[in-house]
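Visitor: what would the 3D arrangement of this be:
(2 chains, ligands or ions: 1)
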Amino acid sequence: MRYLPLTDADRREMLSVIGAKSVDDLFKDVPASARLGAKIGGLPDHQGELEVERAFQAFAAKNVSPGTAPFFIGAGAYRHHVPSTVDYMIQRGEFLTSYTPYQPEITQGTLQYLFEFQTQVTLLTGMDVANASMYDGSTGTAEAVLMANRITRRHKALISGGLHPQYRSIIETTAKWEGFKPVLSKADAEGLEDLIASVDKDTSCVVVQNPSFFGHVRDFTKLAEACHAAGALLIVVVTEVVSLGLLKPPGEMGADIVVCEGQSIGNGLGFGGPYVGLFATRDKYMRQMPGRLVGETVDADGKRGFVLTLSTREQHIRREKATSNICTNAGLCALAFTVHLTLLGEAGFTRLAEINHAKASQLADKVSAIPGVKLLNDSFFNEFTVKLPKPAAPVVEALAAKRILGGLPVSRLIPNDPSVENLLLLAATETATDMGMDPLVAALKEVL
Amino acid sequence: MVQSLDRSQGRAGGVAAGAASNHGTYTGNRALQIEEPLIFEMGQPGRCGVDLPEPPKVKDRLNGLRRAGTIGLPGLSEPQVVQHYTRLSQKNYAIDMGVYPLGSCTMKHNPRINEKVARLAGIGDLHPLQPVSTVQGALELIDRLAHWLKTLTGMPAVAMSPAAGAHGEMCGMMAIAAALEAKGERAQRKVVLAPESAHGTNPATAAALGFTVKPIPANDRGRVDLAALKAALGPDVAAIMLTNPNTCGLFESEIVEISKAVHDAGAYFYCDGANFNAIVGRVRPGDLGIDCMHINLHKTFSTPHGGGGPGAGPVVLSAALAPYAPYPWIVKDGDTWRVAEDGAKVDGTPLGRLKAFHGQMGMFTRALAYIMSHGADGLKQVAEDAVLSANYVMAALKDVMSPAFEGPCMHEALFDDSFLKDTGVSTLDFAKAMIDEGYHPMTMYFPLVVHGAMLIEPTESQAKEDLDQFIGALRSLTERAKTGTAAEEFKAAPRFSPRRRLDETLAARKPILRWRPSNNPPEGDPMKQAAE
Ligand SMILES: Cc1ncc(COP(=O)(O)O)c(C=O)c1O
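Guide: Purely as a prediction, here's the structure:
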């Protein structure tokens, strides 16, 4: 077996040093009833690289990849062009095959890029501090609510109807089993929701998304003021981080915690994961954050260096009193994010955002010109909602039959709700072209 | 921004400040070790590492919320970016470089075919919410991995979505809470038993779910004390969380009795499967009577650790817990694969949802490629070689170091620090001296139950010659430590690494968690500022 260096001669020699007759002796603590004599049945034996690669090509051949079809799906995962440098860098073994930087003397590479990553996240979000990543935006959002509950010692979280439905569902699950009260507003397809009146002295936090799940762009400054007046925190979620190249950052609106899905930068669609959660807050809440933090310090020679710090918040030190149980995070996806953002820089990132907005505007104009199709958004970044004259799910299936990946029927994520049945969510990034938009419009006209 | 380079590059100023290890190079570099500033100290406006077209002119639909002012991101060209990250990479130790015996973390070889197949466009470039008719192969792939995991563990069900081990613990413990709720016992059963040797995520998970964590004592063989466990079990106990093989690297030899006692008391058995790599293909945890177990795909099945993640933590579930598995899961409907998502009409009462989309697909792909490459025969050999290598290291060191427990170990060899008694050398010093010998240190000070613990996990990936050199290095360090006159030398280690020991107290006392223009030292006196 190509991955196993020990030869039979090695094994014999090692057993004799150990003083064991066979490897079975080493497993003698396993209860006899659970000892398997032979390998587990019903499973194939080892295979060469060629055979394995063929098997995966066969899986791949049964999928329609967005690169081969007009493609307009977003809803929390966006298809952007990732420069070749990014993928090359994250495949360097020194990054790829290193563990969490527990020994800082020999992991300065990881520690320094995480420090740079944390800084980039604070700049994008307009916040004071950021951690070294969460699993993704969805789990990060639930962690933000828990953090707000800890800070305010309150247990009622107001959840916007503009928050991604699966994020809402994760908060509900967390609430049910970890014990707090989520108040879920109804789905806000028109973008008219105003939560200010619902904030009261029992409210721990309000969770909103910008742009919202349905694409609306909102200013939450007044909501932040209302939260602060009531002693509550404002949590702003961003699922399309490229929007921060163009939009007023949540920090400038008064957000207390900002959580972003960072996938758009550096990370491919990957059928939903792994992605990278960005998590930022105010200085005063630093010690309540979940996850790892990298800080600057000096070494014994007085040279600048970086270490994991403030770990008295974390499970390996604080155990049952930790701010979160998170251990492994999204290190390599954070590297992809930071390399891509470094390539983009100020000029590239803001231009990328402009292009996304322009492409989505073009798409919105084209689609809303189809008779019977109504655009629900006055505002959007690169994603918007249209109302179709009939249920969207079968329309999307009909488009798929024509090899067009034409958006997300909202009913897939908000099932059993007649008010969203006809809604279609469409996104366009810099990867969208006229050659893709025109067939979508033509096909939509046909199937509607 | 030249002045800001000083502190990081240790240019002329570094030499003047008397940094002994600089040997006075002008740049502060030492051959292949290049000092590297932060990107924020390198950027110039007007530089950019991408070429993007002029955006089409459209009417702005941003609701008047355009960002005012700049973000503050530095501008670098592509070659600068390549050099920057390449230089950073050269400051890291990695499995690709050699023995990485970090116990409990399972730093085994990461095959590159796994990277390649994860990047096939028909797998890596798929949107999670495409119509299911367009992702049949992806769903089949997840189901194939699920089948392997269930078969290898001998368990009837698996929840695939958890993002890492700790997330899997959350999933499994939520399932236990859901099962208790269904029996009307959730309010009454508030205690979770866990050994003091448990990984920190275990008590953190249990506490997050509102359970009180009570320790179960170990016997002098490093296993759960069965009599003490039986005494602790009662109508208030919800579950036991037990790692097997345990965090001392030992198989819980009375695990069948433990599981029976737990079930007789009406509680559930959560098995932390972080160490499944020691028994994969050789023992099915389902035969031991557990109710659920997370599997760190990034340990047992070699998906790369990536400097801290990402991982994946699928949880296998017993028949008793399967009805509570969270959304989503994959079902086969005739010839068609479908996804059961929130709100779907299903048998059972799912506990909810833990993560957006379908879980860590990129990790599923890599893990499945690893599994298929090994096959049932190779996986069994993996477990055997991992256990053999650990026992070999233990046997070759036991006369000079102090094994924490007698008898054979599983995949990792645990030592305490008694062999360092009166030498003035601590576990930390010993670990740092290993760095100078060209090794990543073992896990230190974990598990907490062993004084000055050193947990060595060689894995199955190292050739015997490399293990022999590693053993030789540790024997030599042990000898040097035992002269009784080497404490200073050990405390000064490491000397040859890109950085020497870092001041962690300073980092925590005055946290600097981001670059700011004002973090820069004033020109001409970089070291003074840095030492403050
Ligand atoms: C014994 C044990 N349990 C749980 C975990 C947590 O796993 P993860 O880091 O994937 O969340 C680890 C890994 O660090 C571990 O070693």
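
Visitor: and the closest residue in space to B:Pro195 that isn't next to it in sequence, what is it in contact with?
Guide: With C-beta to C-beta, 6 or more residues apart in numbering or on different chains as the criterion, B:Pro195 has its nearest non-adjacent residue at 5.3 Å, and that residue is B:Ile216. Quick note: C-beta positions are derived from backbone N, CA and C, even for glycine. Counting by C-beta atoms under 8 Å, 6 or more residues apart in numbering or on different chains, B:Ile216 touches B:193-195, B:224-225, B:228-229, B:232, B:240.

Visitor: quickly name whichever of those is closest to chain A.
Guide: Nearest to chain A among the contacts of B:Ile216 is B:Ala194, at 9.4 Å by C-beta to the nearest C-beta.

Visitor: tell me which helix or strand the closest one sits in.
Guide: For B:Ala194, the element it lies in under DSSP states H and E is strand B:191-195.

Visitor: ok, that strand: who's next to it in the sheet?
Guide: strand B:212-216 (parallel), strand B:237-243 (parallel) (DSSP bridges).

Visitor: following the chain past that strand, name the next helix or strand.
Guide: Remark: after strand B:191-195, the chain's next helix or strand is helix B:201-208, criterion DSSP H and E.

Visitor: how far is that next one from where the chain is centred?
Guide: Here helix B:201-208 is found 17 Å from its chain centre; the criterion is C-alpha atoms, centre = their mean, to the nearest Å.

Visitor: returning to what we had before: separation between the residue nearest to B:Pro195 and the ligand?
Guide: Going from B:Ile216 to the ligand by C-beta to the nearest ligand atom, to the nearest Å gives 16 Å.

Visitor: just to revisit the earlier point, which one of the contacts of B:Ile216 has the most neighbours?
Guide: Highest neighbour count within these, by other C-beta atoms under 10 Å in any protein chain shown: B:Ile240, with 28 neighbours.

Visitor: spell out the secondary structure type for B:Met293.
Guide: When classified by DSSP: H, G, I helix; E, B strand; the rest coil, B:Met293 comes out as strand.

Visitor: what does A:Asn325 give?
Guide: For A:Asn325, the secondary structure call by three-state DSSP comes out as coil.

Visitor: I'd say it and B:Ala198 touch.
Guide: No - in terms of C-beta atoms under 8 Å, A:Asn325 does not count as a neighbour of B:Ala198; the distance is 12.0 Å.

Visitor: tell me the contacts of B:Tyr324?
Guide: Shown in contact with B:Tyr324 (C-beta under 8 Å, 6+ apart): B:174-175, B:178-179, B:182, B:317, B:348-351.

Visitor: near chain A, from those residues?
Guide: Among those, the residues lying close to chain A (C-beta under 8 Å from any C-beta of the partner chain) are B:174, B:178, B:351.

Visitor: okay, and B:Met372 sits in which element?
Guide: Using DSSP H and E, B:Met372 maps to helix B:361-397.

Visitor: starting at the chain centroid, how far to that helix?
Guide: Distance, stretch centre to chain centre, for helix B:361-397: 16 Å (C-alpha atoms, centre = their mean).

Visitor: touching the ligand at all, the lowest-mean-pLDDT helix or strand in chain A?
Guide: When the helices and strands of chain A are scored by mean pLDDT, DSSP states H and E, helix A:315-318 comes last with a mean of 89. No - judged by C-beta under 6 Å from any ligand atom, helix A:315-318 and the ligand are separated, with a smallest distance of 8.2 Å.

Visitor: got the domain boundaries for chain A?
Guide: Here the domain assignment for chain A is A:66-80+A:345-447, A:84-340, based on automatic domain parsing.

Visitor: got the buried residues for stretch B:432-449?
Guide: Going by neighbour count (16 or more other C-beta atoms under 10 Å in any protein chain shown), the buried part of stretch B:432-449 is B:432-447, B:449.

Visitor: now do stretch A:75-92
Guide: With burial defined by 16+ other C-beta under 10 Å, the residues of stretch A:75-92 counted as buried are A:75-80, A:82-83, A:85-87, A:89-92.

Visitor: again with stretch B:313-329
Guide: Within stretch B:313-329, the residues scored as buried using 16+ other C-beta under 10 Å are B:313-318, B:320-329.

Visitor: ok, stretch B:97-110 next?
Guide: B:97, B:99-110.

Visitor: again, but for stretch B:179-194
Guide: Buried residues in stretch B:179-194, defined by neighbour count with 16+ other C-beta under 10 Å: B:179-181, B:186, B:189, B:191-194.

Visitor: now do that stretch, average pLDDT.
Guide: For stretch B:179-194, mean pLDDT rounds to 98.

Visitor: does stretch B:121-128 reach chain A?
Guide: Yes - against chain A, stretch B:121-128 shows contacts by C-beta under 8 Å from any C-beta at B:121-128.

Visitor: brain fart, stretch B:468-478
Guide: No - on the criterion C-beta under 8 Å from any C-beta, stretch B:468-478 is out of touch with chain A, staying 9.8 Å away.

Visitor: quick one: classify A:Val339 as helix, strand or coil.
Guide: Secondary structure assignment for A:Val339 (three-state DSSP): helix.

Visitor: now for A:Gly348: which residues touch it?
Guide: Per C-beta under 8 Å, 6+ apart, neighbours of A:Gly348: B:48-50, B:52, B:75.

Visitor: tell me the pLDDT of the closest residue in space to A:Ile106 that isn't next to it in sequence.
Guide: Distance criterion C-beta to C-beta, 6+ apart; nearest residue to A:Ile106, sequence neighbours excluded, is B:Tyr93 at 4.1 Å. Note on B:Tyr93: pLDDT of 98.

Visitor: just the one 3 residues further on next, same as before
Guide: According to the model's per-residue confidence, B:Asp96 sits at a pLDDT of 98.

Visitor: do the same with B:Gly46
Guide: Reading off the confidence values, B:Gly46 has pLDDT 87.

Visitor: what strand or helix carries it?
Guide: Counting by DSSP H and E, there is no helix or strand that carries B:Gly46.

Visitor: torsion angles phi and psi at it?
Guide: When read as degrees, to the nearest 10, the backbone of B:Gly46 gives phi 100, psi -10.
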